[in-house]
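Visitor: sharing a sequence plus its predicted fold:
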Amino acid sequence: MSQSKYGTQDGEIDERSGHTLWGRITYRIMWIPFAVVVRLLFRLKVHGKENIPEGPYILSAVHRSFIDTPVVGTMRSQRLRFMGKESLWRSKPLGAFLTVMGGFPVERGSADRTALRAAEDVLRLGEPLVMFPEGTRQEGDRLNREQVLDGPSFVAARVGVPIVPVGIGGSARALPVGAKIPRPRRVVAVIGNPIMPPEKVDGRVPRRAVKELTDTLYAELSDLYIEARVLAGDEPAPT
């Protein structure tokens with residue numbers, strides 16, 4: 001049997017995953033105190049955990065703060081995968097921590113297709129993946145459709161996995177854009193129902209179907225973001 005770029009043969013652990021038995025034990029040891037700190041500092045409340053499916057899926061959350069990644073990562077004890085810029089792995093201790101916690105490096109400035117292919121590799125290993133549909137942190141009390149990218153929809157359609165939308169309220173107050181030290185503010189995450197991927201036509205996913213999936217994701221995230229903001233005390237409940 002031949003060995004692929006990211007896989008090994010005869011049942012060995014895939015290099016992209018790197019989740020050996022020792023890795024799973026280490027993850028659990030590190031995740032517990034990390035999750036406790038995040039939950040206590042931000043009084044984190046998570047609604048809709050029952051909406052998270054089994055098997056691989058893409059978790060797509062609203063992105064308003066750097067703390068969104070640890071917030072998402074501590075919603076469940078299951079390890080979630082996420083991309084990180086390759087330069088973070090230049091520090092061996094930081095790189096080792098990120099790898100254990102589910103991160104994998106993507107070269108900054110590389111083609112989007114390379115990053116999307118890496119995302120597909122992870123999902124095909126059967127692991128859940130975090131993809132922020134806005135790409136980077138945004139500001140504002142509402143989502144902007146133009147800032148919601150097709151990346152998660154494209155990958156979900158290619159691999160055939162659902163997208164799980166997540167609204168996060170309070171994170172922008174806990175660590176606003178430009179701030180370096182987080183504040184102890186309430187953060188609430190609301191997990192929506194999984195959005196199923198479109199069916200392929202002649203083995204391919206039509207571009208129109210990807211756009212429609214992004215439209216659906218945008219609509220779901222918009223509602224979940226408002227709900228999460230209300231629960232976090234960021235805005236009054238609608239009358």
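Guide: That came through, no problem.

Visitor: scan this structure for its longest helix.
Guide: helix 207-232 (DSSP state H).

Visitor: pull out the buried residues from that helix.
Guide: 209-210, 213-214, 216-218, 220-222, 224-232 (16 or more other Cβ atoms under 10 Å). Backbone N, C-alpha and C define where each C-beta goes, glycine included.

Visitor: again with stretch 133-140
Guide: Residues of stretch 133-140 classed as buried under the neighbour-count rule (16+ other Cβ under 10 Å) are Pro133, Glu134, Arg137, Gln138.

Visitor: would a markdown table of these with secondary structure, pLDDT and distance to Gly192 be doable?
Guide: Putting the buried residues of stretch 133-140 into a markdown table (DSSP: H, G, I helix; E, B strand; the rest coil; pLDDT from 0 to 100; distance: Cβ to Cβ, whole Å) gives the following:
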| residue | secondary structure | pLDDT | distance to Gly192 |
| --- | --- | --- | --- |
| Pro133 | coil | 92 | 13 |
| Glu134 | coil | 90 | 16 |
| Arg137 | coil | 86 | 21 |
| Gln138 | coil | 89 | 19 |
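
Visitor: now tabulate the residues you listed in a markdown table and tack on distance to Lys180.
Guide: As requested, the buried residues of stretch 133-140 are exported to a markdown table (distance: Cβ to Cβ, whole Å):
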| residue | distance to Lys180 |
| --- | --- |
| Pro133 | 26 |
| Glu134 | 21 |
| Arg137 | 14 |
| Gln138 | 19 |
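
Visitor: just name the closest of those residues to Ala156, please.
Guide: Ala156 lies nearest to Pro133 out of the buried residues of stretch 133-140, by Cβ to Cβ, at 10.7 Å.

Visitor: ok, the closest one - contacts?
Guide: Residues touching Pro133, when contacts are defined by Cβ atoms under 8 Å, 6 or more residues apart in numbering, comprise Ser60, Val148, Leu149, Gly151, Pro152, Thr214, Leu217, Tyr218, Leu221.

Visitor: buried stuff in the top strand by length along the chain?
Guide: For the chain, the strand reaching the highest residue count under DSSP state E is reported as strand 163-169. Neighbour counts over strand 163-169 (16+ other Cβ under 10 Å) mark Ile163, Val164, Pro165, Val166, Gly167, Ile168, Gly169 as buried.
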